[in-house]
Each structure stands twice: as structure tokens, then as C-alpha cells.
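*Asks:* fold the following.
(2 chains)
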Amino acid sequence: MNAEDPIDLLIAYVEGQMSADQRAAFEKTLAASPELRQQFELMRRADESIAHAFAAPGFVQIDFNAARATAAMKSRAAASPLKRWGGLIGVAIAAALLVVAALQLPMFSGKAREVLTLSGLYDRHVKNGFQPTFVCNNDAEFIDYTQKSFGLPLLAQSDSSVQIVGWTYDSAQGYNDLGLSGKAQIVLARVESQPVLLLMDKGDAKGPKIDKNARGRLQVFERNVGGVDVFEITPLSKPMVLDKFKVQ
Amino acid sequence: MAAFESAVRSHSRVLWSIAAAVLGRREGAEDAVQEAVIVALGKRDEFPRVENFPAWMAQIVRFVALNKRRSARIRLAEGEETLQHVPARSVREDGGDVIDKKGRMVSGTSAFDDNVMRAINGLDETPRACLLLRVINDMSYKEIGQILEIPEGTAMSHVFRARKAMLQRLGGNAAGPMNA
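*Replies:* Got it, this is the predicted structure:
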């Protein structure tokens, strides 16, 4: 904030960021300045308009039964036909376990949380059917997304052996556990049907380490693309997706 | 599951506001929250590691809303497509002038509201979310920072810059005749 700028002072006044003395002094300035009073009135009316346009409903309707059914259906659809019966039994068992586990959530029980490992991240996504949270519909959207995420227009295109499945993410704490910054993003890919994760980060973090559950099973390859670190987490012996990332 | 539902319900209005901020409009915000709950249920094995549940849900809501926005191909830079979704308020019931005697646009008119929506949708997503959480939900900078997982000071900066950008955009329009 620039203390010499009357608009900055006006915003500080409206935001309640002034001491009592500062408020008193500013109110004198406001009383003496028709232009400043006009800006104050404009801000007040804009807030009124925003409050009208974006007023949250008194009650946000959430159908948890439908949500659970849809989530279960998606999980079943991701399973193969041969695994489907096992999956249904697994869902029933998981539902029962979840009731027990939910009662022991750290934010309610105060217990220590599990640290996210590389193998934990990879296995979780494979177990969940390797479903992205969202997909970019075309190259332009992919480039736009990387531009907004990293300030760099990157594109990774699918071809006959590599399929870019989509994007997902983890919590800030998860990224921290993996040696990544809060700006990290996750790309899901398949290389000849093998699931591969790409972790992208433009922070100062060290990057993911191979944990004991990943040793011998997963490899980590790294490449810097225009200042963005891209880590390929793969069951294959060599990286197949890193070279697909190109600055546009 | 009951704990999850309870946690979602207790933060539902804030999550709705975040969805509306990303979408740039209220329509679709409830759907985005519903879809985010479905996504969250698919990630239930993360629950034991989640320390900041509201922030974790807020991130899911943001991504779901972002995907919905892209899928619907709403261009928010100029804000034209959002205007049809803004319920235009009628001219003041007291029959007051839409333009005051100094030629400034008066709030309570659809044109002023349209310009506010344009200005709001001209902001980047995070500053817009910060401003809406401040104005609509009356959240402190600390609370905004916690739910958007940004530093408190950054949340305050976003609100300040968003307000300044809004004034700059509205100041030019408000000084002249009402737009068609």
C-alpha cells in the first residue's frame, strides 16, 4: 500500500486497516474531498452489487447419498469386469472401514498424520482407476493451463505410445511431503498402458525421493523444461514422457 | 462418513463462494460443490493425511469449477457471456434517475451491475476469490489465507489490488453515460 495514494488510503479505510488516529485524520480528508467521497460511494455500491450477484444461499443443497452412489459407480466403472465382484465386496468393506477411520481423522482425534510418499501417491492413483480430476479438451487449453500455473506455455502431446490422460493435484501438505512447493501440479499419463505420473513444479523444492516401497518398483526421472521441473514417476526403466513436454 | 459430511456442510457456504468466484457467476456454483463432493469421496484414502480439511475441499472445488468453466467455454475476460446470467435489478422503486445530476451511473441499475460483473470477471481467479470471500463471507485475511492456502499478507494484497482494479474499471464507466 502506498501511504501517499489517496485511493490506497481509502481502501485501507474501508478494509478497517487504520488505527483510530488514522481513521480520524482520513475522515477529515474524506469530508474535504468530493472526488474521494465519490470513490468511496462507488466502492460501497460495487460491494452492494457484488453482494447481490454472489450472495451465497442460506442453505447449499448437497445430496450426499447421490454423491456416494456416483463415486461408487465411478470406482466400479474403473475396475475390470473380472474384478467387479471383488470390487463390490471391497466397496462394502471399505465403507465399513471408513466409518471407523472417519472417527479417527487427525483433525478430530489429534493423532499424527501419515506422510505422503512417492509410492503412496502412485499407488493411490492407480488404485483409484487413474482417473484425472480434470482434462484439457485441446492443446490450447493445455498450454493456457500451464501458462497460468507456471507462467510458461508448455505442451505435452499424446502419440501412439504415450497417452496424456489428464490433470490432478494433491494437498499442500502432500506436496510438502514429496519435496514439492504448493505450486506443483500432477499429470497422469499412460505409456503403453502403464500408468505414469508427472510431477511439475516451479518452486524451490527439492523434489520427490524414492521411498522404500518404491525401490525396485518405480523410477524417478527429472528434466527441467524452461525453468519448470518435471519429474516422471514410472514403473518403466527409462523416461518416456519427459521429452514430450515442450515450451511453445 | 458422518464426519466428512459434517465438515462439508459446515463449510458449504464458503465452498459455494469459491465455486462462484471461479465460475464468475452464481449459477452452477451449487453443482460445482456437489461434483467436488463426489471427487472428494473418490479420494477418501487421503482423509487420514488431510490437516486442513476446508483448504483441501476448497482446492477440489476450485479445480471442479475451473473444469466446468472451461467446458462451458465461458469467456470471462470481457464478461459478455456472464451478463445473461446476472439477474438485472430493476430501476429503483422510488423512480430515481439511473444517471445522477453529475452524469454518474447509479447502482441499483442493471447497467451498473453489469459493469461490476465485468470488472469482477476481469480479475484473476485468486484475487477475485479473495475479494468475494471478504465481501460476501466477511472472512478475515487470515481465514481467506487458510482456505486458499496462501499467506495472510498475500490475501490482504489480493483484496487491496482487487478493490483498486475494480475502482479503476468502474471509475471510467461511472463517469459517463449508461452503457447500452
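
*Asks:* what about A:G179, how many residues nearby?
*Replies:* Per other Cβ atoms under 10 Å in any protein chain shown, the neighbour tally for A:G179 reads 17. To be clear about C-beta, it is placed using only N, CA and C from the backbone, and glycine gets the same treatment.

*Asks:* does it touch A:P208 like I think?
*Replies:* Yes - judged on Cβ atoms under 8 Å, A:G179 makes contact with A:P208 at a distance of 5.5 Å.

*Asks:* sec struct for residue 129, please.
*Replies:* Picking chain A for this. Under DSSP: H, G, I helix; E, B strand; the rest coil, A:G129 falls in the coil class.

*Asks:* pLDDT score for it?
*Replies:* On pLDDT, A:G129 comes in at 81.

*Asks:* do the same with A:S161
*Replies:* 86.

*Asks:* in chain A, which helix or strand is least confident?
*Replies:* helix A:106-109 (a mean of 50; mean pLDDT, DSSP states H and E).

*Asks:* ignore what I typed, I meant chain B.
*Replies:* Result, chain B / mean pLDDT, DSSP H and E: helix B:80-83, a mean of 44.

*Asks:* and the nearest residue to A:Y169 once chain neighbours are set aside, its phi and psi?
*Replies:* In space, and not counting its chain neighbours, A:Y169 is closest to A:I186: 5.8 Å by Cβ to Cβ, 6 or more residues apart in numbering or on different chains. Backbone dihedrals for A:I186, given as degrees, to the nearest 10, come out at phi -120, psi 130.

*Asks:* ok, A:I186 - how many residues close by?
*Replies:* 24.

*Asks:* what are the boundaries of the strands in chain A?
*Replies:* Applying DSSP state E to chain A gives strands spanning A:154-156, A:162-168, A:185-191, A:194-201, A:219-225, A:228-234, A:245-247.

*Asks:* and the angle for the second one with strand A:194-201?
*Replies:* Angle, strand A:162-168 to strand A:194-201, by axes from the mean of the first three to the mean of the last three Cα atoms, to 10 degrees: 50 degrees.

*Asks:* what angle do strand A:162-168 and strand A:185-191 make?
*Replies:* Using the same axes, to 10 degrees: strand A:162-168 against strand A:185-191 is 150 degrees.

*Asks:* check what pLDDT the residue of chain A most remote from its centre gets.
*Replies:* Distance from the C-alpha centroid of chain A peaks at A:A32, with 48.0 Å (Cα atoms, centre = their mean). On the pLDDT scale, A:A32 is placed at 92.

*Asks:* same deal with B:E125?
*Replies:* Confidence score, pLDDT, at B:E125: 86.

*Asks:* let me see the contact set for it.
*Replies:* Applying Cβ atoms under 8 Å, 6 or more residues apart in numbering or on different chains, we find B:E125 in contact with B:21-22, B:62, B:66.

*Asks:* related to what we said a few turns ago, give me the next element, helix or strand, following the least confident helix or strand of chain B.
*Replies:* Per DSSP states H and E, the first helix or strand lying C-terminal to helix B:80-83 is helix B:110-121.

*Asks:* which strands or helices does that next one pack on?
*Replies:* helix A:34-54, helix B:80-83, helix B:125-135, helix B:152-174 (3 or more Cβ pairs under 8 Å, 6 or more residues apart in numbering or on different chains; DSSP states H and E).

*Asks:* and the closest residue to A:A77 other than its chain neighbours, how many neighbours?
*Replies:* By the measure of Cβ to Cβ, 6+ apart, the closest residue to A:A77 outside its immediate chain neighbours is A:G129, 7.7 Å from it. Close neighbours of A:G129, defined as other Cβ under 10 Å, add up to 14.

*Asks:* isn't A:G129 right next to A:A71, touching?
*Replies:* No - with contact defined as Cβ under 8 Å, A:G129 does not reach A:A71; the gap is 11.3 Å.

*Asks:* and residue 9, how many neighbours?
*Replies:* Picking chain A for this. Using other Cβ under 10 Å, A:L9 has 21 neighbouring residues.

*Asks:* other chain: chain B
*Replies:* Neighbourhood size, B:R9 [other Cβ under 10 Å]: 14.

*Asks:* where does it fall, secondary structure wise?
*Replies:* helix B:2-10.

*Asks:* I'd like the next helix or strand past that helix.
*Replies:* helix B:12-23.

*Asks:* quick one: list the elements packing against that next one.
*Replies:* helix A:34-54, helix B:29-42, helix B:53-72, helix B:125-135, helix B:141-148.

*Asks:* now do 6 Å
*Replies:* With contacts defined as 3 or more Cβ pairs under 6 Å, 6 or more residues apart in numbering or on different chains; DSSP states H and E, the packing partners of helix B:12-23 are helix B:29-42, helix B:53-72, helix B:125-135.

*Asks:* quick one: average pLDDT of it?
*Replies:* 90.

*Asks:* show me how far it is from its chain's centre.
*Replies:* Its chain's C-alpha centre and that of helix B:12-23 lie 6 Å apart, by Cα atoms, centre = their mean, to the nearest Å.
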